[in-house]
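>>> Predicted model follows, preceded by the sequence.
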Amino acid sequence: MKGGRLEMTVTDYGARVLSLRVPDKSGELADVVVGYATLEDYLKCPGERFFGAAVGRVANRIGGARFTLDGKEYILSANDNGNTLHGGFIGIDRVLWNVVEVRPSSIKFSLLDPSGAEGWPGNLDIELIYSLTEDDAFKVDYRAVTDSPTLCNLSHHTFFNLTGDASQSILEHSLQISAGSYVPVDGELIPTGEIRPVEGTAFDFRSAKAIGRDIEAAGGYDHNWCLDDKGLRRVARLSEPVSGRVMDILTDQPGLQFYSGNFFDGSYSGKQGRLIGHRCALALETQAWPDAIHHQGFPNTVLRPGETYTHTCIYRFSTEK
């Protein structure tokens, strides 16, 4: 796929983005998406499972791998320390999607996630469109409907390194997030239910700062930021000083999960045989807040028949000297 100055490759396995070539300040293209070199590695998952994938039917974590809806308890697959992460053992990232339409700058996928899979109620009918725009943006559009009350919180899980080299640290990347509060988590990365102001903490990204500046004080980042404002708006900016690449994130969602690659350990390689080291890739996932079904005051993630779930995320690229 091509759009503007961007070039992207995708696969129907997990509706996964395999590469995204973006120009630097000199106009040189490089792949800013971190992932494996072969499809076999994506199937075997020697390390990270979610490289470039669509995730759900509920992105992020659900504590205790269970929830109650309309008085009925549902038991989910416990694939993460007794909790559910990104849908279960086989979420929407480990199945083949239907390719509905291919155009020079876009691709449309569809998927029927069946009732009972991983414990989820209701058949969830999902449509996903990836597109590259003339103003150098990668756009993700979701639409989903159900035939029975269920939960739905879809996201996209590309890992980025704006240097174009997954063996390089992301700690010198600069990040700004338009959020006055975030969601603290317990030792298993499950929200405590508190909504805490970022002011005076290592989680304050309201002004741009190097990711590495406060990362040790935070214990690494794998948290949800409660985004300011509503509607489709710019919510974050990531930049890398050497290449000059800048990535603005726009979304209509209430939350942004920032994961700083804490669990990468250099024990497996990615593209061009390069080892994917500790904090050498990051994810910025637009979403509703994690574990929302268990916390009063969190955004609603219940989807009912007759309703339509929609989600737009835009990664817009530019350069600065």
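Arrived safely, thanks for sending.

>>> Give me the pLDDT for Leu39.
Note on Leu39: pLDDT of 89.

>>> Then Arg94?
pLDDT, Arg94: 97.

>>> Scan this structure for its longest helix.
In the chain, ranked by residue count with DSSP state H as the criterion, the top helix is helix 39-44.

>>> just checking, what packs against the helix or strand that that one is followed by?
Beyond helix 39-44 in the direction of the C-terminus, DSSP states H and E gives the next helix or strand as strand 53-55. In terms of contacts (3 or more C-beta pairs under 8 Å, 6 or more residues apart in numbering; DSSP states H and E), strand 53-55 is packed against strand 155-157. For glycine as for every other residue, the C-beta is placed from the backbone atoms N, C-alpha and C.

>>> now the following helix or strand past the strand it packs on, how far from the centre of its chain.
Using DSSP H and E, the helix or strand that directly follows strand 155-157 along the chain is strand 159-160. Once both centres are worked out by C-alpha atoms, centre = their mean, to the nearest Å, strand 159-160 turns out to sit 9 Å from its chain's centre.

>>> Please name the strands paired to the very next helix or strand once past strand 159-160 in the sheet, noting orientation.
Downstream of strand 159-160, the first helix or strand assigned by DSSP H and E is strand 174-177. Strand 174-177 pairs in its sheet with strand 209-210 (antiparallel), strand 233-239 (antiparallel), by DSSP bridges.

>>> And the last one, what's buried?
Of all the residues in strand 233-239, those buried under the rule 16 or more other C-beta atoms under 10 Å are 235-239.

>>> again with stretch 91-107
Per 16+ other C-beta under 10 Å, stretch 91-107 contains these buried residues: 91-95, 97, 105-107.

>>> Those into TSV, with extra columns for secondary structure?
Shown next, in TSV, are the buried residues of stretch 91-107 (DSSP: H, G, I helix; E, B strand; the rest coil):
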residue	secondary structure
Gly91	coil
Ile92	coil
Asp93	coil
Arg94	coil
Val95	coil
Trp97	coil
Ser105	coil
Ser106	strand
Ile107	strand
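
>>> I'd like the buried residues of strand 233-239 as a markdown table, with distance to Asp136 appended.
Listed next are these as a markdown table, based on distance: C-beta to C-beta, whole Å:
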| residue | distance to Asp136 |
| --- | --- |
| Val235 | 18 |
| Ala236 | 17 |
| Arg237 | 14 |
| Leu238 | 14 |
| Ser239 | 14 |
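
>>> which of the residues you listed lies closest to Ile129?
Val235 (20.2 Å; C-beta to C-beta).

>>> For the closest one, give me its contacts.
Neighbouring residues of Val235 by C-beta atoms under 8 Å, 6 or more residues apart in numbering: 177-179, 227-228, 249-251, 256, 286.

>>> Tell me the buried residues in the lowest-mean-pLDDT helix or strand in the chain?
In the chain, no helix or strand scores lower on mean pLDDT, DSSP states H and E than helix 39-44, which sits at a mean of 92. Within helix 39-44, the residues that count as buried by 16+ other C-beta under 10 Å are 41-42.

>>> how distant is it from the center of its chain?
That offset, for helix 39-44, works out to 20 Å (C-alpha atoms, centre = their mean).

>>> coming back round to it: so can I have TSV of the contacts of Val235 showing secondary structure, distance to Cys152 and pLDDT?
Listed next are the contacts of Val235 as TSV, based on DSSP: H, G, I helix; E, B strand; the rest coil; distance: C-beta to C-beta, whole Å; pLDDT from 0 to 100:
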residue	secondary structure	distance to Cys152	pLDDT
Ile177	strand	24	99
Ser178	coil	25	98
Ala179	strand	23	98
Leu227	strand	19	98
Asp228	coil	24	97
Ile249	strand	21	98
Leu250	strand	21	98
Thr251	strand	16	98
Leu256	strand	18	98
Thr286	strand	14	98
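
>>> Distance to Asp141 and neighbour count for the residues you listed - can I get that in TSV?
Converted to TSV, these look like this (distance: C-beta to C-beta, whole Å; neighbours: other C-beta atoms under 10 Å):
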residue	distance to Asp141	neighbour count
Ile177	22	24
Ser178	21	17
Ala179	23	24
Leu227	18	23
Asp228	22	14
Ile249	15	21
Leu250	12	17
Thr251	11	25
Leu256	17	26
Thr286	12	26
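
>>> could I get the residues you listed as JSON lines with distance to Ser207?
Conversion of the contacts of Val235 to JSON lines gives the following (distance: C-beta to C-beta, whole Å):
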{"residue": "Ile177", "distance to Ser207": "10"}
{"residue": "Ser178", "distance to Ser207": "10"}
{"residue": "Ala179", "distance to Ser207": "12"}
{"residue": "Leu227", "distance to Ser207": "16"}
{"residue": "Asp228", "distance to Ser207": "13"}
{"residue": "Ile249", "distance to Ser207": "16"}
{"residue": "Leu250", "distance to Ser207": "19"}
{"residue": "Thr251", "distance to Ser207": "20"}
{"residue": "Leu256", "distance to Ser207": "16"}
{"residue": "Thr286", "distance to Ser207": "21"}
